[in-house]
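Asks: Could you look at this predicted model? Sequence included:
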Amino acid sequence: MNDIYDKNNENVQFIFKTDGVLIYGKEITKDFSSKPAGIELAKQLNKNYRNNLEAIRKDILEPDDEDKLNENNTSECIKWISKKILRLSLGIIMTKENFYRRNMEAMARKFAQTYPEYDSYIYSALQQYHNPTNNINEAIKFLDEMEKTIYVLADRLLAEKHYN
C-alpha cells in the first residue's frame with residue numbers, strides 16, 4: 001500500500017483511478033490526483049517508451065533462463081509491447097487534443113484518423129496485440145517497423161512538446 005500512495009507512482013495511481021474497479025474493501029483512489037487528457041498525461045503515461053522497446057527486444061533476442069523455458073516468451077513480449085505502442089499512440093494524439101480512451105481499438109481508430117499515413121502501422125500493432133506472433137524474426141521485424149514509424153513520430157511530437 002505504501003508503494004501505491006508514493007507520489008513517485010503517479011502511473012500506478014492513474015491506472016487504479018481510471019481502470020480500477022472496487023469489488024471489496026476500502027476506496028483508495030479518491031485522494032489520487034488525475035491529470036486531464038493532454039500533454040502532461042501523455043508525458044506521464046509514456047515516459048521510458050524507448051527503454052521499453054529496447055528491453056523487449058533484448059528479452060526476445062537474449063531471453064533469461066526462465067524465459068528460455070517459456071515457449072510463448074516471444075508472443076508474450078509482443079503482446080506487452082503492442083499494448084505499450086497503442087498507449088504511445090494515445091499519448092501522441094494527446095499532443096493535439098484532449099482525448100483519452102482505455103479501449104485499444106478506439107485508440108487505434110483515433111490514431112489512424114489523426115495520422116492516416118501511419119494507419120497500417122497502428123493496425124499492425126493492434127493485430128499484434130490481439131494475435132501476437134511467436135516467431136522471433138517476425139517479432140523483430142515488427143519492432144523495427146514500430147521504431148522507424150510510430151516511435152519516430154513520438155520522438156518528434158513528445159520531445160518537441162516536453163523539452164522546448
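Replies: Perfect, thanks for sending it.
Asks: what's near enough to touch residue 157?
Replies: 92, 95 (Cβ atoms under 8 Å, 6 or more residues apart in numbering). Backbone N, C-alpha and C define where each C-beta goes, glycine included.
Asks: State the mean pLDDT of the strand or helix carrying it.
Replies: Using DSSP states H and E, residue 157 sits in helix 150-163. Across helix 150-163, pLDDT averages out at 78.
Asks: Quick check: what element follows the helix or strand harbouring residue 43 along the chain?
Replies: Take DSSP H and E as the rule and residue 43 turns out to sit in helix 39-46. Per DSSP H and E, the first helix or strand lying C-terminal to helix 39-46 is helix 49-61.
Asks: What residues of that following helix count as buried?
Replies: For helix 49-61, burial by neighbour count (16 or more other Cβ atoms under 10 Å) applies to 49, 52, 53, 56, 57, 59, 60.
Asks: Please state the mean pLDDT value computed over the next helix or strand after it.
Replies: The element immediately downstream of helix 49-61 (helix or strand, assigned by DSSP H and E) is helix 65-68. Helix 65-68 carries an average pLDDT of 92.
Asks: Give me the contact list for helix 65-68.
Replies: With Cβ under 8 Å, 6+ apart, helix 65-68 has contacts from 59, 73.
Asks: May I have that helix as CSV, with CA atoms only?
Replies: Taking C-alpha atoms only, helix 65-68 is exported to CSV below (Å, rounded to 0.1, in the frame of the first residue of the first chain):
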residue,chain,number,x,y,z
ASP,A,65,16.9,-18.9,-18.3
GLU,A,66,13.3,-18.8,-17.2
ASP,A,67,12.1,-17.2,-20.4
LYS,A,68,14.0,-19.8,-22.4
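Asks: Which secondary structure elements does whatever helix or strand comes next after that helix sit against?
Replies: Using DSSP H and E, the next helix or strand after helix 65-68 towards the C-terminus is helix 73-94. The contact analysis (3 or more Cβ pairs under 8 Å, 6 or more residues apart in numbering; DSSP states H and E) places helix 73-94 against helix 39-46, helix 49-61, helix 104-114, helix 119-130, helix 136-148, helix 150-163.
Asks: Now render the ones you listed as CSV, adding distance to residue 70.
Replies: Shown next, in CSV, are the helices and strands packed on helix 73-94 (distance: least, Cβ to Cβ, whole Å):
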stretch, distance to residue 70
helix 39-46, 27
helix 49-61, 10
helix 104-114, 24
helix 119-130, 18
helix 136-148, 13
helix 150-163, 26
